[in-house]
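S.K.: need a structure here:
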Amino acid sequence: MDCITKIRNSFIHHGRNSNRIYVMSLEINDLPDLLVELEELAKKKHYTKIIAKVPIIAKEYFEENGFIMEAAIPGFYAGKQECCFYAKYLENERKINLCQEQCDKVLEIAGGKKTIVQSPVLSDTYTFRRLAEKDIDKMIQLYQSVFKSYPFPIYDKKYLEETMKSNVSYFGIFDQEYLISASSIEAEEKYKNAELTDFATLKKYRGQGLALFLLAQMEQYMREMGFCIAYTIARSKSYSMNCTFAKMGYMYTGILVNNTQIGGQIESMNIWWKRIEEK
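M.R.: Numbering: from 1, shown residues only. Below you'll find the model as predicted:
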């Protein structure tokens, strides 16, 4: 199973599922030695990609070591400094996006969506609220129904409990007592940014704009918490998720090629971002 661990003072996610190393949080003083250790780990485990989410001040270290920038988010760090997603491919096949035509079509359609003006409204038959520990069993059932596989252990009760107590806020829509749609905010309080992720809706309830409603509610929560930047890492072949973020005014900034094990295979992922303004 993929795991989150610490190398020096930086946090990484790695494992055979996505067959990669993901630098989730970089301590700049770990450079340049950290890069050597990452490559040693990748060779030892036979990983084929290293992806790093880092501040732009680390640019030279990564580019001098063969990394290429795949996406960037302005103002990511407390609204001031840009964040870059740098990738290094350790196998040529890994850098080839065999679904490029479909990914381009998704972006073309998403790019044609007009930004909505009015906030999405939830049907009177449903209820929305922030999720709590009492909901974890229902969350696991939902995630297992929607995803064949996932890069993080969202089927694990202990993992969900721990993340709820730390930096992740989960939200859900219910049809009576049944959890039919959910999402989460993974917050980085220090830098006032958050990843909007873990979107899942039961098949029979899709097409009703539930993800759009969840996204609008999460943005409002972020405003109340004083956050500056929201972003997502969306499956590049998903028309629904890419269109959802486009409709809410998010900007596409790049694609992480063959990056994440999700839905039973490794897929390329699109980065969308938005500056959260006070209303």
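S.K.: Pull up the gap between Glu63 and Pro32, please.
M.R.: According to Cβ to Cβ, to the nearest Å, Glu63 and Pro32 sit 12 Å apart. For the C-beta atoms, the positions are set from N, CA and C on the backbone; glycine is no exception.
S.K.: Repeat that for Ser169.
M.R.: In terms of Cβ to Cβ, Ser169 sits 36 Å off from Pro32.
S.K.: Between these two, which is the more surrounded one?
M.R.: Ser169 (18 against 12; other Cβ atoms under 10 Å).
S.K.: Who are the packing partners of the helix or strand bottoming out on mean pLDDT in the chain?
M.R.: Least confident helix or strand, the chain: strand 3-7 with a mean of 94, by mean pLDDT, DSSP states H and E. Packing contacts for strand 3-7, counted by 3 or more Cβ pairs under 8 Å, 6 or more residues apart in numbering; DSSP states H and E, involve strand 10-15, helix 33-45.
S.K.: could those go into CSV alongside mean neighbour count and mean pLDDT?
M.R.: What follows is the helices and strands packed on strand 3-7, written out as CSV (neighbours: other Cβ atoms under 10 Å; pLDDT from 0 to 100):
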stretch, mean neighbour count, mean pLDDT
strand 10-15, 19, 97
helix 33-45, 15, 98
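S.K.: tell me which residues form a beta bridge with Arg130?
M.R.: In this entry, Arg130 is beta-bridged to Phe171, by DSSP bridges.
S.K.: contacting residues around it?
M.R.: When contacts are counted by Cβ atoms under 8 Å, 6 or more residues apart in numbering, Arg130 touches 169-172, 221.
S.K.: and if you look at Glu186?
M.R.: Contacts of Glu186 by Cβ under 8 Å, 6+ apart are 163, 167-168, 194-195, 197.
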